[in-house]
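Asks: the sequence isn't on hand, but the structure is:
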């Protein structure tokens, strides 16, 4: 059921519906339900949950706000369960009305420890008995997972996050409201935002509810109040990103920072990404070209998959959202799946963007999971990837693809699966140069090539460590930023690559790589060269 046809559904003798809404928007939605019920069904709206001691009628005040008025006729005897009584009251109610019942779904939820068979049967009875009446019920809350006996009876709708157009409209109206309030208090209020800056601000706020945007604007006004009044200009845009970052992090979503270090090599992957960069533009969408789904990056630990994920955001010029699935796992039944689903909906609202799922096999392998949570989370992700058309590009990284569920690895799930192997010799030269330049160090190409030839089993992380150790060694010897080949070779001998320590695991991954696409062109390493001559030529 779509939110837009909620009331046509209720008006067609379907007496109960479920509506999922983010907690900050509950009051806004109740206000919308109150207005819509009066307009479309010509009946009042009532609100009840376990947190209120009585039934309340919802009314729209003269200023357009929402007020709750206690219903005097509602008098629950002290010895009767409040949830039992509200259903009894609705059944015996003689008038018409829409009853919004908040947070009732745990008592009628699928596999919920709070499931009450008495409440469940009462809801089923009410569904049939309210059909010929003018009484309707809306279950309101978060993470609604109805019992299987109710799924085909009660239609479900979800309140979507606002679009950029809705946010722009809300910004204009709410800034006008704040300006009028400031004027009444003789406080100068200036909005110095042109059309482009307003759109940028609205885009930065994507992923927030309208109520959260209102909260941010009020907070900004308080913080910017000075003797000169209040000024809202383009400097508020980075602040709304910080505000959004804090809120999303509580949901297990981190706004990734752009990569500060480029990646070396991986020419085939880089070429593949560059060819798809324009598919995220408005031009491509207007031509109805298929939106890229994502890539799976698999490879041994330390080859730079994390750095690569951040660089993909730079290449595609899209915001990066990192989903920490482990932090979304909750103790309540359905909570984990609800958290993941909410995170995916948030990503869809921010789209076009990149979702980064790091070390995916750890979250979805399902080892030791007897409750089926991992499988349900996997189902949410697979459904999202197959149905999302808004430009959400999934970048999943894993160290052990054999531990991933087979449904995730089948052809067509991702646009492509890339195997990120240990760097080739030319790539090792690039990686060493990048990391040495971070410390302000320049080394001649022939010396980089010599050390690269002797680091055949080094990963990108181990080459980074080699560069850092060499820079520290030169600093300790009183020659900062003057790294010699001898320094690099001395540090190289202290590092035992993981590919040597766990050669079996690396070879097992290379066997899997035969079914994936190589991220780098195949280049045969040259035979190991002697460093003796080069070392003596480079003595300082």
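Replies: That came in fine, so what should we check first? Quantities reported herein were computed from a predicted structural model and do not represent experimental measurements.
Asks: buried residues in the strand or helix carrying residue 486?
Replies: Using DSSP states H and E, residue 486 maps to helix 485-492. Neighbour-count burial for helix 485-492, counted by 16 or more other C-beta atoms under 10 Å, picks out 485, 486, 487, 488, 489, 491, 492. The C-beta positions use only the backbone N, C-alpha and C, and glycine is treated the same way.
Asks: pretty sure residue 436 sits against residue 467.
Replies: Yes - counting by C-beta atoms under 8 Å, residue 436 does reach residue 467; the two are 5.0 Å apart.
Asks: if we can go back for a sec, residue 278: which of the buried residues of helix 485-492 is nearest?
Replies: residue 488 (40.9 Å; C-beta to C-beta).
Asks: residue contacts, the closest one?
Replies: 443, 447, 451, 466, 470 (C-beta atoms under 8 Å, 6 or more residues apart in numbering).
Asks: the fourth one looks like it's in a helix, true?
Replies: Put plainly, it is residue 466. Yes - counting by DSSP: H, G, I helix; E, B strand; the rest coil, residue 466 is located in a helix.
Asks: that one and residue 435, how far apart?
Replies: 8 Å (C-beta to C-beta, to the nearest Å).
Asks: who's more crowded, these two?
Replies: residue 466 (25 against 21; other C-beta atoms under 10 Å).
Asks: what pLDDT does the model give that one?
Replies: The per-residue pLDDT reported for residue 466 equals 93.
Asks: specify the local secondary structure of residue 423.
Replies: Going by three-state DSSP: residue 423 is coil.
Asks: that one against residue 463, yeah?
Replies: Yes - between residue 423 and residue 463 there is a contact under C-beta under 8 Å: 7.3 Å.
Asks: any common contacting residues for these two?
Replies: With C-beta under 8 Å, 6+ apart, residue 423 and residue 463 have common neighbours residue 431.
Asks: picking up where we left off before, quick one: which of the buried residues of helix 485-492 is nearest to residue 216?
Replies: residue 491 (48.8 Å).
Asks: apart from its neighbours in sequence, what residue is nearest the closest one?
Replies: residue 469 (4.1 Å; C-beta to C-beta, 6 or more residues apart in numbering).
Asks: ok, the one you found - contacts?
Replies: Residue 469 touches 491, 494, 495, counting by C-beta under 8 Å, 6+ apart.
Asks: hang on, the first one packs against residue 471?
Replies: No - in this structure, residue 491 sits apart from residue 471 without contact. The criterion is C-beta under 8 Å, and the distance is 9.4 Å.
Asks: and the strands in the stretch 101-250 of the chain?
Replies: Secondary structure of the stretch 101-250 of the chain by DSSP state E, counting those that start in this stretch: the strands cover 135-141, 156-158, 189-191, 230-232.
Asks: ditto for the stretch 251-400 of the chain
Replies: Under DSSP E, counting those that start in this stretch, the stretch 251-400 of the chain gives strands at 253-256, 294-298, 320-323, 353-357, 392-398.
Asks: and those as TSV, adding mean pLDDT?
Replies: Below are the strands of the stretch 251-400 of the chain laid out as TSV (pLDDT from 0 to 100):
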stretch	mean pLDDT
strand 253-256	80
strand 294-298	91
strand 320-323	86
strand 353-357	89
strand 392-398	90
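Asks: residue 278 is nearest to which of those?
Replies: strand 392-398 (13.2 Å).
Asks: and the next helix or strand after the closest one, average pLDDT?
Replies: Heading C-terminal from strand 392-398, the first helix or strand you meet, by DSSP H and E, is helix 406-409. Helix 406-409 shows a mean pLDDT of 79.
Asks: helices or strands up against helix 406-409?
Replies: helix 373-387 (3 or more C-beta pairs under 8 Å, 6 or more residues apart in numbering; DSSP states H and E).
Asks: now do the lengthiest helix in the chain: distance to the chain's middle.
Replies: Of all segments of type helix in the chain, defined using DSSP state H, the longest is helix 164-184. Here helix 164-184 is found 28 Å from its chain centre; the criterion is C-alpha atoms, centre = their mean, to the nearest Å.
Asks: which other helices and strands contact it?
Replies: Packed next to helix 164-184, using 3+ C-beta pairs under 8 Å, 6+ apart, are strand 189-191, helix 195-204, helix 210-224.
Asks: between these, which one is nearest to residue 408?
Replies: helix 195-204 (31.2 Å).
Asks: pull the residues that contact that closest one.
Replies: Contacts for helix 195-204 (C-beta under 8 Å, 6+ apart): 164, 167-168, 171-172, 193, 233-234, 236-238, 240-241, 244.
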